[in-house]
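Structural data only, the sequence is not supplied:
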């Protein structure tokens, strides 16, 4: 009988957000596969959990996926975690899950839900997001302008992640493309000490972050209201 694979959500900032079930599963599995084993070790050590760690991330080779499949075939129970949030959401975990389902269809895969920057930001944005399109991280170059133009024309809310290195450039593009009436909410440092959510037009937010460079740090969740 093959082992079980658990996709475990981990805190995006505040460690108190981890679930009781996540702690139990992480303490019971045979191996924890981490986006970064250093971050994984910090998390597990904080909760006095001591388990073998191995890496699985965006640059992992096919052989690493094959090793995980072999572990499951041997009956080992495994957990997959990212550095923060829910694996396989804007994360390479979906490649692993897809391959396990293809090559080992009898394997049992369980979601252990919990923190997600996407849902956290939506919950406090105060914007209509009953329907929305999620883009993950925007491409650095190729296809970036195409997606921004798609967001401009979308009558649904658009949600995406952005880094501190590109948030000003993204806001500059949105300030050109969007009507001034289009609302944007930007959440950063969610669940951490300096958590912040700002709302306004693209130009309002561009001016704010341009004039407050100390706020241009961490990862951002950007929510753009739909076109009328």
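In hand now; what should we look at? Predicted model only: the values in this text are computed from it and were never measured.

Any stretches of this structure with poor pLDDT?
Low-confidence segments of the chain (pLDDT under 70): 90-92.

any idea how it splits into domains?
For the chain, automatic domain parsing gives the domain ranges 4-112, 117-224.

In a markdown table: the ones you listed, plus mean neighbour count.
For glycine as for every other residue, the C-beta is placed from the backbone atoms N, C-alpha and C. Listed next are these as a markdown table, based on neighbours: other Cβ atoms under 10 Å:
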| stretch | mean neighbour count |
| --- | --- |
| domain 4-112 | 17 |
| domain 117-224 | 16 |
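
Residue 32 reaches residue 52, doesn't it?
Yes: Residue 32 is within contact range of residue 52, at 7.2 Å (criterion: Cβ atoms under 8 Å).

What segments of this structure are helices?
Secondary structure of the chain (DSSP state H): helices at 20-28, 37-46, 62-73, 93-103, 117-125, 144-153, 167-177, 202-211.

Which one of those lies nearest to residue 224?
helix 144-153 (5.6 Å; Cβ to Cβ).

Residue 4 pairs with what?
The partner list for residue 4 in beta bridges (DSSP bridges) reads residue 108.

Any chance of a markdown table for the helices of the chain, columns distance to residue 192?
Converted to a markdown table, the helices of the chain look like this (distance: least, Cβ to Cβ, whole Å):
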| stretch | distance to residue 192 |
| --- | --- |
| helix 20-28 | 19 |
| helix 37-46 | 15 |
| helix 62-73 | 31 |
| helix 93-103 | 23 |
| helix 117-125 | 11 |
| helix 144-153 | 27 |
| helix 167-177 | 17 |
| helix 202-211 | 18 |
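
out of those helices, which comes closest to residue 4?
Here helix 62-73 is closest among those (Cβ to Cβ), at 7.9 Å.

could you give the angle of that closest one to helix 93-103?
60 degrees (axes from the mean of the first three to the mean of the last three Cα atoms, to 10 degrees).

helices or strands next to helix 62-73 in the packing?
Applying 3 or more Cβ pairs under 8 Å, 6 or more residues apart in numbering; DSSP states H and E, one finds that helix 62-73 contacts strand 4-8, strand 78-81, helix 93-103.

on contacts alone, who are the packing partners of the longest one?
It refers to helix 93-103. Secondary-structure packing of helix 93-103 (3+ Cβ pairs under 8 Å, 6+ apart): strand 4-8, helix 62-73, strand 108-112.

which ones are touching the closest residue to residue 84 other than its chain neighbours?
Counting by Cβ to Cβ, 6 or more residues apart in numbering, residue 12 is the residue found nearest to residue 84 once chain neighbours are left out, at 4.5 Å. Under the criterion of Cβ atoms under 8 Å, 6 or more residues apart in numbering, the neighbours of residue 12 are 84-85, 115-117, 120, 190-191.
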